[in-house]
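Peer 1: 3D model of this:
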Amino acid sequence: MSARRRSIAQRAAAPRSGKGAAPRSGKGAATRGGRGAASDAGERSAPRLAWWLAAATLALPPLFVLPYALEGFRLPQCQLSEWLALASLVPLAAAATVPRWRQLWRHAVLQATAPLLLLAAGGLLVTRHPAHVREALADLAIGVAALVGWSLGLPQPALRRLLDATLLPAAVLALLGILQLHHLWEPVIFAVAPGSARLGITSLAGNPGDLAAFLVLPCLVAQAGLAKGARGRARWWRAAVLAVAVYALAGTQTLTALAAALAGSVVLWAARLPRRRLLPLGAAAAVGALLLVLAVAPVRHRVVRGWWAVTHGELDAALSGRLDGWRVALELTQRHPLAGVGWGAYRAEFAGARLRLMAAGMPFFLGHVNPSFANAHNELLEVGADLGWPGLLALAWALALVGRAAWRARRRMSAADAGLCFGGLVAAALLALFYFPFRLAPVAFGWVAFLAWLLATGDGAEEATGRKRWPALALTALLVLALLGQGVRGWHRLQSSVLVRFVQQQGMALGSARPPGGLVRAELQVLRQAHRRAPATIEPLAFEGDLLLLAGRLDEAVAAYRRAVALEPRAEVFFNWGLALWSQGRVDEAVVQLRRGVALGPRFRGRVPPGAQPLVAVAPVRPL
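Peer 2: Below is the predicted model:
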C-alpha cells in the first residue's frame, strides 16, 4: 500500500477528538445519525446481494438447457448468464460512491477494456453485417460491464470467494460427463453421437470442447484451495471436485484443455513451493502427463494420431482442422486491416474468405464434421479479423495492463493465490490460442470473475472525494433498463430457436414427402416470425428455402436462399440453392452454387444430381 493510501486509511480509522469532533445533540443530529446508519446498512447489504447474484452467474447457467430449442445449450446458457451478470451490477450501482472521472480512469480495468469496447462499437459504422455486430456487441458490452463492475464494486476477498462458485457446476457437469463416458447415462437429446468415444461426452455443455474448456478454471481453483490449506469438509470438497473434473477432462480427449489445465497447475504449484522443489515438480508433472496418456486409452489414441499427423506433415489434421479458421482470420485481417469485418462478423465472412482462398489454390481440411466456422478457434486472430490492426493493438494494451496488475498483485497475495493468479493466466492464454473461451458464456464469465479478482487486487480502490449521488442513480437506472432489454432480447432469441426447432421436427416427420399447402403456409409464418425475433440467425431463412424447395415453389426458394447467403453464407445453403436452380433448368447458375456447396462441404459430393456431377467435378470454385 502506498504512503498516501496508508495515511488516508489511518485518518479514516483514527478516532476524532477536539472541538470539531464534539458529539452533536438534539433531534436534528439524531435524524442525521439514523439516516447515516440506514445508509451504511444499505451499502453493506448491496455488495452481499451483488455477490450472490454474481455467484449465480457462475453457478446456474452451466446447468440450464432447453431441449426443445434448436440451440439448446449455448444460447440459453448465454442469455441467462448475461441477465444474471447485469442483475448483479444493479445493487452495486445503487450503493456506489462515484469518484471524479480522472480518479475513476486510474483503474486498470477501465484502461484495459475501454479501447477494445470503443473499437467494437465503432465497427457498426463500417461493417457489412450490422445484425451480427449488434448481437456480438451486446454480448461484449455485458461482459465488460461485469468485469468493470465486479472489479470496482466487490472487495478483493469477496472476488476470491466468487471463484469458488465455479466448483459446484464443475462437479455436476463432470459427473454427468463421466456417466456418459461409461455409457451409464446417454439421453439422445444431450449426446451428439451416443456411444462414440469423444463426441458423446457432452454433459450439459452440448459439446465436449465446451465441457473441457469449462472445467479448466475449477481445476485450478480447487488446487489453489488445497494449496492454501483448506481443512475439514472444504478440503474434501475441493479434492473431490478436482478428481471428477480431471477424470471428465481426460474423457473428453480435448488436448487443448488438458494442456491448459496441466500448464496452469504446474505454474500454480511452482509459485507455492520453494525453488529447490521446482525441478521435482516439473518431473512429476511430466510423469503424470505420461501416465495419463498411457492409462487412458482414448487419450493415448488421440495423442498417437496427432503425433503421426505431425511427423507426416499433416499439421492441419493434428490441429483438428483449426488451420482453416486461422487461415481465414489472417486473410480477413489482410483484406480489412484498418477496421476489420466487424465485431462478431467472422462467422458471416468465413465462407466467402474460404472460397477466395480455395480459388487461389489453398488446401483445406476435409475431415470436418461441420465445415462452417463460427469462430476462428484463436481469440487473438479473431480479434484481428473482427477489428483489424487497431483491435490487435487494443488487445495487446489490455494484456499488458493485466500482466502488470498480476505482477504487482503477487506481493499482497498468499503463495497459493499468487500461484492461482499466474497459473490462471497461463491456462487462459493456452485456451485462447486454440479455442474461443471468451465467446462461450459459461466459460467466459468464470474468467471474467478471475480477471476482476486479479485487477481489483492489483489496483486497489482509491478514496472518493465526496459523494455524488446523481451519477449513481443515473447508472442504476441505465442498468435497470439494460436488464429489461436483455430480458426481452433473450426471450426473443430463445423463442426464435424454439420456433425453428418446431419447424425442423415437422420436416423430419414428413421426410421427403411434399408437405401440404396449408402446412407450408403455417410453417412459413412461423419461420418469418422467428427471423424477426432473431435477425442475426440464418436458420429461419435457410429453413424457409428448404421448405419452399420441398414444396416445389422454386422461384420463392431461390429468393429465400439468396437472402440467406446475403446474411451468412454456408455450405448447405449454397448446395440447396444449386438444387433449386438445377430443378428450374438454370444449369450454369446451378453448377456455380453446387460447386460452392461441395467446396465448402465435401460431404455433399455424393448428393449432387447425376446429370450435374460431371459439370460440378470440373467447374472452378468461384468466389463471392
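Peer 1: extract the C-alpha set from stretch 613-624 and format it as CSV.
Peer 2: The C-alpha coordinates for stretch 613-624 follow below in CSV (Å, rounded to 0.1, in the frame of the first residue of the first chain):
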residue,chain,number,x,y,z
GLN,A,613,-21.8,-34.5,-61.4
PRO,A,614,-19.5,-34.2,-64.5
LEU,A,615,-20.1,-30.4,-64.6
VAL,A,616,-19.5,-29.8,-60.9
ALA,A,617,-16.4,-32.0,-60.9
VAL,A,618,-14.6,-29.8,-63.5
ALA,A,619,-16.1,-26.4,-62.5
PRO,A,620,-13.7,-24.0,-60.8
VAL,A,621,-14.6,-22.5,-57.4
ARG,A,622,-15.9,-19.0,-57.9
PRO,A,623,-15.5,-16.6,-55.0
LEU,A,624,-18.4,-14.5,-53.9
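Peer 1: can you give me the mean pLDDT across that stretch?
Peer 2: Per-region confidence: stretch 613-624 scores 89 on mean pLDDT.
Peer 1: just give the nearest non-adjacent residue to Gly72, would you?
Peer 2: Counting by CB to CB, 6 or more residues apart in numbering, Gly72 lies nearest to Leu66, which is 4.8 Å off, once chain neighbours are set aside. Where C-beta positions appear, they are placed from N, C-alpha and C, glycine not excepted.
Peer 1: gap between that neighbour and Tyr346?
Peer 2: 26 Å (CB to CB, to the nearest Å).
Peer 1: looking at these two now, which is surrounded by more residues?
Peer 2: Between Leu66 and Tyr346, counted using other CB atoms under 10 Å, the more crowded position is Tyr346 (30 against 17).
Peer 1: my guess is the more buried one contacts Gly384, does it?
Peer 2: No. Using CB atoms under 8 Å, Tyr346 makes no contact with Gly384, being 9.9 Å away.
Peer 1: contacts only, for Phe434.
Peer 2: Applying CB atoms under 8 Å, 6 or more residues apart in numbering, we find Phe434 in contact with Thr256, Leu319, Arg322, His377, Asn378.
Peer 1: which ones are touching the fourth one?
Peer 2: Shown in contact with His377 (CB under 8 Å, 6+ apart): Arg322, Gly325, Trp326, Phe434, Tyr435, Phe436.
Peer 1: can you rerun that using 7 Å?
Peer 2: Residues near His377 by CB atoms under 7 Å, 6 or more residues apart in numbering: Arg322, Gly325, Phe434, Tyr435, Phe436.
Peer 1: give the helix, strand or coil label for it.
Peer 2: Put simply, His377 is coil when judged by DSSP: H, G, I helix; E, B strand; the rest coil.
Peer 1: do I have it right that Ala339 meets Gly388?
Peer 2: Yes. Using CB atoms under 7 Å, Ala339 is in contact with Gly388, at 5.3 Å.
Peer 1: who has more neighbours, these two?
Peer 2: Gly388 (23 against 18).
Peer 1: host element of that one?
Peer 2: helix 379-409 (DSSP states H and E).
Peer 1: what distance separates that helix from the centre of its chain?
Peer 2: Remark: helix 379-409 is offset 16 Å from the chain centroid, using CA atoms, centre = their mean, to the nearest Å.
Peer 1: which strands and helices lie in contact with that helix?
Peer 2: helix 108-122, helix 322-335, helix 346-359, helix 415-434, helix 441-458 (3 or more CB pairs under 7 Å, 6 or more residues apart in numbering; DSSP states H and E).
Peer 1: tell me which other helices or strands the third one touches.
Peer 2: Contacting helix 346-359 under the criterion 3+ CB pairs under 7 Å, 6+ apart are the following elements: helix 322-335, helix 379-409, helix 587-600.
Peer 1: the next helix or strand after the last one packs against which elements?
Peer 2: Beyond helix 587-600 in the direction of the C-terminus, DSSP H and E gives the next helix or strand as helix 613-618. Here helix 613-618 is seen to pack against helix 587-600 when contacts are counted using 3+ CB pairs under 7 Å, 6+ apart.
Peer 1: which strands or helices does the helix it packs on pack on?
Peer 2: Going by 3+ CB pairs under 7 Å, 6+ apart, helix 587-600 lies up against helix 346-359, helix 571-583, helix 613-618.
Peer 1: need these in TSV (columns: distance to Arg233).
Peer 2: What follows is these, written out as TSV (distance: least, CB to CB, whole Å):
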stretch	distance to Arg233
helix 346-359	45
helix 571-583	52
helix 613-618	65
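Peer 1: and the ones you listed, which one is worst for confidence?
Peer 2: Note on the helices and strands packed on helix 587-600: helix 613-618 shows the lowest mean pLDDT, a mean of 90.
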